[in-house]
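In: Sequence and computational prediction follow.
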Amino acid sequence: MPVTVTRTTITTTSSSSGLGFPTTVGSARALTQPLGLLRLLQLISTCVAFSLVASVGAWTGNMGNWSMFTWCFCFAVTLVILIVELGGLQARFPLSWRNFPITYACYAALFCLSASIIYPATYVQFLSHGRSRDHAIAATAFSCIACLAYATEVAWTRARPGEITGYMATVPGLLKVLETFVACIIFAFISEPYLYQHQPALEWCVAVYSICFILAAVAILLNLGDCTNMLPVPFPSFLSALALLSVLFYATALVIWPLYQFDEKYGGQPRRSMDVSCGNRHTYYVCSWDRRLAVAILTAINLLAYVADLVYSARLVFVRV
């Protein structure tokens with residue numbers, strides 16, 4: 001249901017909160033609604049997380065930078081969402097407001113989840129006992145709180161059976177977010193070219209990750225920009241073709257990546273002890289063998305996501321027919 005706000009009236013909508021009662025927009029009372037209070041919790045928890053870390057300089061290296069970026073980014077976008085809703089500016093927002101908040105909330109939940117795992121695993125455990133470590137542990141706790149808050153928003157605002165809403169609030173839409181996020185994590189782990197440039201088969205895997213990421217990102221952007229009617233084919237058919245292609249591509253990567261990374265016949269290293277970069281454990285550093293294993297696991301996760309996406313997308317096509 002579109003939201004209309006004038007200078008003298010406050011218009012409400014019952015579909016934005018997903019809780020079964022109206023949400024007030026264009027007024028400070030928007031913050032007293034359950035969804036508004038939840039977003040305030042998101043804002044505060046991410047602010048506290050990056051403030052605790054920044055106050056003692058407790059971030060170093062790629063993983064520390066990733067965590068700091070996550071908390072700052074989530075704080076900034078959540079603040080923008082609150083300002084838009086307080087000012088009743090949804091109609092002037094450049095992206096589809098039916099799709100943007102839940103898309104962002106899903107990304108933010110995954111971002112904060114990754115920071116809550118990566119930051120303590122690659123940074124906090126190496127800190128000596130003291131003020132910096134205490135701040136880092138507290139920041140991790142607030143990151144977990146933010147993750148739960150964003151996940152709760154996704155659960156509250158996702159589409160229910162029979163409900164008319166934006167595509168990104170449906171299961172296939174949320175799966176698109178998961179697929180692109182997992183691909184981003186894969187890119188982070190294969191940021192060192194020596195992991196794949198020695199074998200054309202491994203370069204194919206990198207091409208698979210890139211192509212599927214671009215296709216999923218295009219589907220998300222089309223929905224955020226309300227541009228799905230610009231496609232030469234029906235959008236459900238486009239989604240089904242995209243999901244089928246991605247499943248086939250990822251199936252090849254799931255076989256090729258472990259084969260060439262862990263099978264000695266193809267120059268791989270089946271055991272972690274064979275990787276000299278894993279011999280000495282350095283702070284803030286993830287060795288090559290661990291990176292290869294992480295990519296193999298993430299490839300399997302994304303393949304499962306694309307299979308589920310294909311099932312839901314094919315169902316939409318049959319329903320349309």
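Out: Arrived safely, thanks for sending.

In: Can you report how many residues neighbour the spatially closest residue to C72 that is not a sequence neighbour?
Out: In space, C72 comes closest to F50 once its chain neighbours are excluded; the distance is 5.2 Å by Cβ to Cβ, 6 or more residues apart in numbering. C-beta coordinates here come from the backbone N, C-alpha and C atoms, glycine included. The tally of other residues near F50 (other Cβ atoms under 10 Å) stands at 23.

In: what about I185, distance to V177?
Out: 13 Å (Cβ to Cβ, to the nearest Å).

In: sorry, that was for T228
Out: Applying Cβ to Cβ to T228 and V177 gives a distance of 17 Å.

In: what about these two, which has more around it?
Out: V177 (22 against 15).

In: shouldn't that one be in contact with Y104?
Out: No - using Cβ atoms under 8 Å as the test, V177 is too far from Y104 to be in contact (9.2 Å).

In: Go ahead and confirm the residue nearest to C72 touches A139.
Out: Yes - the pair F50 and A139 qualifies as a contact (Cβ under 8 Å) at a distance of 7.4 Å.

In: Next, show the common contact partners of the two.
Out: Here F50 and A139 share the contacting residues W71, scored by Cβ atoms under 8 Å, 6 or more residues apart in numbering.

In: so where's the stretch 201-321 of the chain uncertain?
Out: Along the stretch 201-321 of the chain, the model assigns pLDDT under 70 to residues 279-285, 316-321.

In: switch to 80 and redo it
Out: 266-268, 271-286, 314-321 (pLDDT under 80).

In: now the helices: where do they sit in it?
Out: Taking DSSP state H, counting those that start in this stretch as the criterion, the stretch 201-321 of the chain carries its helices at 235-262, 288-320.

In: how is the chain carved up into domains?
Out: For the chain, the structural domains run 12-166, 170-321, going by automatic domain parsing.

In: residues making contact with stretch 241-261?
Out: Outside stretch 241-261, the residues that touch it by Cβ under 8 Å, 6+ apart are 179, 199, 201-202, 204-205, 208-209, 211-212, 215-216, 219, 233, 266-269, 292, 295-296, 299-300, 302-303, 306-307, 309-310, 313-314.

In: Check the offset of stretch 247-254 from the chain's centre.
Out: 21 Å (Cα atoms, centre = their mean, to the nearest Å).

In: In terms of pLDDT, where does E153 sit?
Out: Looking at E153, its pLDDT is 95.

In: okay, stretch 106-121 in PDB with CA atoms only?
Out: C-alpha atoms of stretch 106-121 as PDB (Å, rounded to 0.1, in the frame of the first residue of the first chain):
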ATOM      1  CA  CYS A 106      18.700  -8.800   5.500                       C
ATOM      2  CA  TYR A 107      22.200  -7.500   4.300                       C
ATOM      3  CA  ALA A 108      22.800  -5.900   7.700                       C
ATOM      4  CA  ALA A 109      21.900  -9.100   9.600                       C
ATOM      5  CA  LEU A 110      24.400 -11.000   7.400                       C
ATOM      6  CA  PHE A 111      27.000  -8.300   7.700                       C
ATOM      7  CA  CYS A 112      26.700  -8.100  11.500                       C
ATOM      8  CA  LEU A 113      26.700 -11.900  11.700                       C
ATOM      9  CA  SER A 114      30.000 -12.100   9.800                       C
ATOM     10  CA  ALA A 115      31.500  -9.400  11.900                       C
ATOM     11  CA  SER A 116      30.400 -11.200  15.100                       C
ATOM     12  CA  ILE A 117      32.200 -14.300  14.000                       C
ATOM     13  CA  ILE A 118      35.200 -13.000  12.100                       C
ATOM     14  CA  TYR A 119      36.200 -10.200  14.600                       C
ATOM     15  CA  PRO A 120      36.600 -12.400  17.700                       C
ATOM     16  CA  ALA A 121      38.000 -15.400  15.700                       C
END
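
In: can you map out the strands along this structure?
Out: Using DSSP state E, the strands found in the chain span residues 12-13, 23-24.

In: circling back: wait, which of the helices of the stretch 201-321 of the chain is closest to L35?
Out: helix 288-320 (25.6 Å; Cβ to Cβ).

In: From the contact counts, what lies against that closest one?
Out: helix 171-189, helix 200-224, helix 235-262 (3 or more Cβ pairs under 8 Å, 6 or more residues apart in numbering; DSSP states H and E).
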